[in-house]
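S.K.: here is my input, please return the structure:
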Amino acid sequence: MKVKILHILLILSSLIGYLEWGGGNASFLVEAELLIFSKLITDPVSVLHPFILIPLLGQLLLVVTLFQKRPNRILSYIAIGMIALIMLMILFIGVVSTNSKILFSSVPFVVLAMIRLRIPLVA
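M.R.: Coordinates of the predicted model:
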């Protein structure tokens, strides 16, 4: 049960990643994912990029583990790694740009991922 709660928190924390870019644009990852899903229906080729699809697939894999009686640890680790691609990039951008909003939006996921990796393998 502890692992499933942690997986839910990992999914939620991956959605609060925050990005800012030129022209005063900003977005949380949850907003960007909603836009991706809407574009997937209208223009699927525009969202076919590994940096978009890999973290999304990681989130879906974590959702799959929620429905398993005993969450598969290998599947969990793969999913966390896939999501970590974008969350660690956001963390790096926050550090390099000294933007505290960007930096602190990625910290919850990184901390939760580290906690999940430290839980005994049988959990």
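S.K.: please count neighbours and contacts with C-alpha atoms only from this point.
M.R.: Will do.
S.K.: and the strands in the protein?
M.R.: 18-21, 25-28 (DSSP state E).
S.K.: what comes up buried for the one helix or strand in the chain whose mean pLDDT sits lowest?
M.R.: Lowest on mean pLDDT, DSSP states H and E among the helices and strands of the chain sits helix 29-42, with a mean of 84. Neighbour-count burial for helix 29-42, counted by 16 or more other Cα atoms under 10 Å, picks out 29, 32, 36.
S.K.: between these, which sits nearest Lys69?
M.R.: Closest to Lys69 out of those is Leu29 (29.0 Å), distances taken as Cα to Cα.
S.K.: sorry, back to before: can you tell me which of the strands of the chain is nearest to Val110?
M.R.: That would be strand 18-21 among the strands of the chain, by Cα to Cα, at 13.9 Å.
S.K.: and that closest one, which strands flank it?
M.R.: Strand 18-21 has its sheet partners listed here by DSSP bridges as strand 25-28 (antiparallel).
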